[in-house]
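S.K.: Okay, sequence plus prediction incoming.
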Amino acid sequence: MGIYPKGAVDNFNFVKPSLSFSDLERWELILLSDPTTSGGLLFTVPKEGERDVLALAKELKVSLWHIGWVEEGEGLEVIKT
């Protein structure tokens, strides 16, 4: 079991019907649903802009991590690599 913020659980329950995943524990799914990542800590960049964003982050001494990609389709699939 565990104690999770209500907002994270609500977000997870909202996307769960459209979500497919394997090899992920519940806490990892809740972490991905954490509302504190909305609008600031997690963002997307078109593939052609990735190099520019990484260069700017380096210039500004901001740490960045590439954590995934977006593909056309339906629903959400989370793959642990």
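M.R.: Arrived safely, thanks for sending.
S.K.: my read: Ile79 touches Ser22, true?
M.R.: Yes: the pair Ile79 / Ser22 is scored as a contact, 7.4 Å apart, by C-beta atoms under 8 Å. C-beta coordinates here come from the backbone N, C-alpha and C atoms, glycine included.
S.K.: So for these two, which sits in the more crowded spot?
M.R.: Neighbour count, other C-beta atoms under 10 Å: between Ile79 and Ser22, Ile79 has more, with 11 against 8.
S.K.: Point out the other helices and strands that the lowest-mean-pLDDT helix or strand in the chain packs with.
M.R.: Ranked by mean pLDDT, DSSP states H and E, the weakest helix or strand in the chain is strand 76-79, scoring a mean of 79. Using 3 or more C-beta pairs under 8 Å, 6 or more residues apart in numbering; DSSP states H and E, the elements in contact with strand 76-79 are strand 19-22.
S.K.: now with 10 Å?
M.R.: Strand 76-79 sits against strand 19-22, helix 26-32, with contacts defined as 3 or more C-beta pairs under 10 Å, 6 or more residues apart in numbering; DSSP states H and E.
S.K.: Flag the shaky bits of this structure, pLDDT-wise.
M.R.: Low-confidence segments of the chain (pLDDT under 70): 1, 37-42, 81.
S.K.: If we use 50, what do you get?
M.R.: Low-confidence segments of the chain, defined by pLDDT under 50: 39.
S.K.: Next one: the residue in it sticking out farthest from the centre from Glu50, what distance?
M.R.: Within the chain, the residue lying farthest from the chain centre (C-alpha atoms, centre = their mean) is Glu59, at 24.1 Å. As judged by C-beta to C-beta, to the nearest Å, Glu59 and Glu50 stand 15 Å apart.
S.K.: Check Trp65 too.
M.R.: Applying C-beta to C-beta to Trp65 and Glu50 gives a distance of 12 Å.
S.K.: Settle it for me: which of the two has more neighbours?
M.R.: Using other C-beta under 10 Å, the more surrounded residue of Trp65 and Glu50 is Glu50, with 13 against 5.
S.K.: How about the secondary structure of that one?
M.R.: helix (DSSP: H, G, I helix; E, B strand; the rest coil).
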